[in-house]
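Asker: Here is a sequence together with a model predicted from it:
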Amino acid sequence: MKKIRLILFGVFTLCCLIAWSMPTFAKEKTVAFLSLSDFTGPIAGLAVDIEKACEDYFTYINENGGVDGVKIRYIPIDTRYDVARAISGYKRYRKTNKLLVANAVSTPIGKALEPLFNRDKLVWLVAADGEFVAHPKRGFLWGNCYQDGFSAALDWMAADWKSKGNSGMPTVGYMGWDSAYGRELLRGGKEYAEKIGVNLLKPEYFPTGTMDHSTYLTRLKNANYIWVGGIDPNPTNVIRDAHRLGMTKTIQFVCGYWGPAQYLGVRLHNKALQGTVVTVFTIRGTDAQKHPLIKKMWLKYRKKPINELPGPYGIGLGWALHFEAALRIALKDVGYKKLDGEAMFQAYQKLGGRDITQGIQGICTYGPNERRASKVVRFYQVKGKELVPISGWVKAPDSISLHKF
Amino acid sequence: MVDFMQFAINGILVGGLYALVGVSIVLVFKATQVVSLAHGQLLAFGALFFWIFLDQLNFPVWVALLGTISLAALMGFITERFTIRPLIGESLFTAFLMTFSVFMFLDGFFQLYLSGQSRAYSPFLPEGTFNLSGVIISKGLLSSFTIAMLIFAALFAFFKFTRTGLQMRATSENHILAQSAGIGVKKVFTLIWIISSAVVAIGGIACANVMDIHYPLPYIGIKGLIVAMFGGLESIGGALLAGILLGLIENLSSGYLDGPLGGGVKDAAAYVILLLILIVKPYGLFGLKKIERI
Amino acid sequence: MLNIENVEVIYSDVILVLKGVSLNVPAGKIISLLGANGAGKTTTLKAISGLLHTELGQVTDGSITFDGKPIHKLGPEEIVRKGIVQVLEGRPTFEQLTTEENLLVGASSLKDKSNIKSDLDRIYGYFPRLKELRKRISGYLSGGEKQMQVIGRALMAHPQLMLLDEPSLGLSPLMVDQIFEIIETINVNEKTSMLLVEQNAMVALSISHHGFVMENGRIVMEDTSVSLMQNEDIKEFYLGLSSGGARKNYRDVKHYRRRKRWLA
Amino acid sequence: MRPCGVFDETYEKDIAIVRTRGHWLLLIGSLLFLFILPLFAPYYLLNLTNNIFITVIVVLGLQIVTGCCGQISFGQPAFMAVGAFFSAVLTTKFGISFWIALPLSGIAAGLVGLIGGAPSLRIKGFYLAMGTIAIFYLTMWVITHLHITGGHQGLSVESPSIGSFVFDTDERIYYIILIITIILTFFARNLLRSRVGRVFVAIRDNDLAAEVMGVNTFYYKLLAFFISCFYAGIGGSLFCHWYTVVNSEQYTLIHGLNFIGMIIVGGLGSIPGVFFGVIFLRLLDELVLFGSPFLTELIPKLGIAPAASLGVMVFGLVLIIFLIFQPRGLAHTWEILKTSYRIYPYKN
């Protein structure tokens, strides 16, 4: 017994030493991309796929000699959606050689780390919170912001309502997580609904682990359209419950970019999801499967059939492509030696007006006072077993200016 | 009125599943006095095994079910044998923390297997709905509720009429006395963990049928804990009633209070009621009041 | 039949309770074990029945053999299966179970389930009162009824040796007589050996064949019951029969010296 | 640690915290070390020590109510949140200085804690633990649905400052956290040696017996809850001013379970045990946090999600092994070490 204890203690100390003395891998010219993401927590369902895409593209770049000879070091950290862990993780890696960009997957983490990122003069990426657009600092959004997507969907609903021969404006219900993210969409989205005259019902917020959503749905039964927030498979389950209640026949369900993904919700509960519309800032479904870069990355590094492509894979490629483009600009401007977060920040601001993502997202709009990667969205609908496009790139209305942040 | 019925019926049907999770915790507590968090993971793994058997290996439903139950029982056995057994004689606190550690350990495996993806069963319960004058009852939920009730009936019969059941009831009352009467208490512990894991695995299948196998599935274990406390940690019937009540309270509160209070009432209301009940009846609805002597 | 040799018991690795106890119980006999509180009588019984483990105690030296086979390393349920049943002190019952269920629990160690019905009838034969109470939750029984139930439960296991821990504790004299009468009957009818731990030495010695006296973890005296009853010291300390009449100071001193001699 | 042959001759000596000259040297030495730590420690290590000290404050509170008074509480993160939000609201919305807000937030959390402790009048053991989980959810629900706390969005907070000196880096705020930790540790240590501390232990061991002996158990249970939540509130306030942001999603039930884990790993009822437990679990957590990126760099084939899951697994596994081999906590090992030092030449 004593011996076992001693051995265990030894192993533990050894592990500690290894982890602490972990070298910073300063071999060749490298730059680092830090991703504080959730691999084992509530948003792992989609975050993992996105991170995989990012990792794949960086591997691809490194295998082909890097960006002008500079290799990219990708550091993923599992935060488990916990702010303290994220901060700890960031501080551990903040002195990494040429750390240029940190990515914060989760609204609270982004907010908590904002002052640190700003002080360290880093570029940081964050999901889609309007606050960062309203008060632009050094943070850049992955795509457009949540409320813009919601407003674009409201526009789509109004048009769809008219095209079906109805007069006036539709009644819209809103369902979301009972969290900061769930409420973010209405900070601006609500004002936009008032502006265009859509009748927005009282929003419903549900806890993340809810088994039965019928109470929320029942209260929205008079709506013509229902927007379902939350991260897949949550929206899928909501719509499935609605399907059980027979609501999918009369009500059109619309989701955001965290909504039903091709290989997740759509495949698992295909019948219930028929006709559901998804609003995204990247290409999805059949479009994504046809896209040459996505296809290449997926087949090369994941080695699975293309029809198993997870929906949000394109988002991660978006991060990587933006990073690559900005790195090229920064290297040209200041060279590797002087490369730092500030140079990268300037480079990111110069990305606007170009098609960086090869059509995965719309034309880039990053600029000195603009933090949205693009201002366009695309609508997809579940038809049969596929997620098919029902529109081209549509300009999303700017609803940030309507809300007082 | 139709709304009320709809809320109530869905609440009861979901509550039946909560009850199943709650009773598995009650079983373990009754025999071993250990409050278990590990059951959340046993539940998730039950659901996962069933998915592997049903959708990966394409076994018929009953084979998959048998396979799941035996694997879950094996997991329960291993958990008891290697983590709880060495702690016999230590404080119950420590045992509780052990179940938490087991939860974390298994959570790693669960996340490893899921790897961010979720899974859903290909339909194996009847689909579709009944419509009772406006109130819609899902056949899937109804049949999982029925299964839950059947398991409860089986548990009642087992404890009332079989010799092993009698021995378990005796053990749950007094370990030393049970030993002196020739009951192999350790064997009973193992057996009760096996039964309880099998029950919770079935609960897991039923829950996963409603909410898919994904990240929050193990956290239903906490709901089970509430049910167990609510009904009283020693009472199987209490767990049944408490589970159904919990489902009802959740649905009715979120049905009628979400509007005025601004959302997210579902969890909070259940806890308010739990607190109130504990204050009025400190040992749950049907828990045994321990007579304390100095 | 049961042979204890030089047994040492230590609780939680530090407290030495039995310091080399030796005694033996011949088949079919009643043996009584007397001693003051804390002498180690109950510990001796628990060492035999294997219940020590649950209280962090362990047998560190010596041996306990039953029919020639060592048993001190077995678990309590295996020892019960070998035919040694302990009736615990304070007549604990399974309070939530009915009387009949309590008796059935007693039969847990039996592999053969076919005779259980007749066993029940046999117990009801010894204790007709229990038959009237068979459906009653046993938490509500009176002390004497509980004691009957506890002895009945032990009998269900068909013991060859019963270890009785203070069956008279807290019972009225009438009840004590009744219980001991039944114990004697059982001994005669079933040929069950008994190891009887008692404070009430008078009653214990009256039904037993042989007696041991324990003091501070050691056996200090051993004789047949008849001669023990005649022993001056036993009379003094356990039977409460003082030959010298009124207590005087010098007698106290003498007591002290006698006790001293025992402990040496 | 007292060497062999040193005995107490008076009662004062018997209850003294610092007993020998060696103790004084050790104490002053380690304090000195802690005070000059920022001069040479890397930035990251300071982050860790800050985190550890704040957790120590919170867990000290938990040790008082759970380890010493026997009332299990899972609600500690909620009381942290109360302290954090109270302090945040006071400083941002009312312009009150951090130095006043800090003790006030402790008191506010303590008062909310009284509500948490109220059920202990009737319920005990795991039922009470469940009650505290209920209090946890209710408190968090109220915090997230109030307007003044910023609801789910939380608030941004200023760093504390004296005049123009702003404690805005880890090195600077380290001193605030360190001093408060030392004060609170000393207070807890003294509390447990006092009459109140003995009453707590009496209640833990047998509250009925304590009551019969004339102790107003309910009052003392409430007192224990108040002190414990006061600690949590102070911890929460420090936490929010250190991170300069406060958000309800920082305080989850899993943290509460972890805190309980810390006192068990450290040893129930022992003040040094708190330090052992917090340091052990925090280091383990950090190790797991950095283990996964390390693994992915070492074995790129592994992939990121599996590496992260391995981390969770290792965390659980180490805890399991720890509990099997030392279920009484590190404080127990510490006691054994101390004793063997004390009886050193005479050990058999």
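Answerer: Nice, thanks for sending it over. Remember, it's a predicted structure, so these values are computed and weren't measured experimentally.

Asker: Give me the distance from stretch D:197-205 to the chain's centre.
Answerer: Centre-to-centre, stretch D:197-205 and its host chain are 20 Å apart (Cα atoms, centre = their mean, to the nearest Å).

Asker: all strands in the stretch 101-250 of chain D, in order from the N-terminus.
Answerer: In the stretch 101-250 of chain D, the segments counted as strands under DSSP state E, counting those that start in this stretch are D:155-156, D:161-162, D:165-166, D:245-246.

Asker: repeat for the stretch 1-150 of chain B
Answerer: B:129-132, B:135-138.

Asker: how about the ones you listed, which one is nearest A:R183?
Answerer: Among those, the nearest to A:R183 by Cβ to Cβ is strand B:135-138 (29.5 Å). All C-beta spots, glycine's among them, are computed from the backbone N, C-alpha and C.

Asker: show me where chain C has strands.
Answerer: Applying DSSP state E to chain C gives strands spanning C:2-11, C:15-25, C:30-35, C:57-66, C:69-70, C:84-87, C:161-165, C:193-198, C:210-215, C:218-224.

Asker: whoops, I mixed them up, the stretch 301-405 of chain A
Answerer: A:376-383, A:386-389, A:394-395.

Asker: Quick check: which helices or strands does the second one pack against?
Answerer: Spelled out, it's strand A:386-389. Using 3 or more Cβ pairs under 8 Å, 6 or more residues apart in numbering or on different chains; DSSP states H and E, the elements in contact with strand A:386-389 are helix A:285-290, strand A:376-383.

Asker: which strands and helices sit next to the first one?
Answerer: This points to helix A:285-290. Packing partners of helix A:285-290 (3+ Cβ pairs under 8 Å, 6+ apart): strand A:376-383, strand A:386-389.

Asker: sorry, back to before: rebuild the strands of the stretch 101-250 of chain D as CSV, extending it with distance to D:T333 and mean neighbour count.
Answerer: Converted to CSV, the strands of the stretch 101-250 of chain D look like this (distance: least, Cβ to Cβ, whole Å; neighbours: other Cβ atoms under 10 Å in any protein chain shown):
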stretch, distance to D:T333, mean neighbour count
strand D:155-156, 43, 20
strand D:161-162, 42, 12
strand D:165-166, 42, 11
strand D:245-246, 37, 28
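
Asker: Columns distance to D:A118 and mean pLDDT on top of the ones you listed, output as TSV?
Answerer: Listed next are the strands of the stretch 101-250 of chain D as TSV, based on distance: least, Cβ to Cβ, whole Å; pLDDT from 0 to 100:
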stretch	distance to D:A118	mean pLDDT
strand D:155-156	29	88
strand D:161-162	38	88
strand D:165-166	40	89
strand D:245-246	26	88
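
Asker: closest one to A:K190 among the ones you listed?
Answerer: Closest among these, once you apply Cβ to Cβ, is strand D:155-156, at 21.5 Å.

Asker: Adjacent strands (with direction) for that closest one?
Answerer: Take DSSP bridges as the rule and strand D:155-156 pairs in its sheet with strand D:245-246 (antiparallel).

Asker: Quick one: distance of stretch A:311-318 to the chain centre.
Answerer: For stretch A:311-318, the distance to the chain centre is 8 Å (Cα atoms, centre = their mean).

Asker: Now D:P306. Nearest residue, chain neighbours left out?
Answerer: Take D:P306 and drop its neighbours on the chain: the residue closest to it by Cβ to Cβ, 6 or more residues apart in numbering or on different chains is B:L112, 5.5 Å away.

Asker: hang on, that neighbour packs against D:L310?
Answerer: Yes - at 7.1 Å, B:L112 counts as touching D:L310 under the criterion of Cβ atoms under 8 Å.

Asker: and those two? which has more neighbours close in?
Answerer: D:L310 (22 against 17; other Cβ atoms under 10 Å in any protein chain shown).

Asker: Could I get the buried residue list for the host helix or strand of that one?
Answerer: Using DSSP states H and E, D:L310 sits in helix D:304-325. Applying a neighbour-count criterion of 16 or more other Cβ atoms under 10 Å in any protein chain shown, one finds D:304-324 buried in helix D:304-325.
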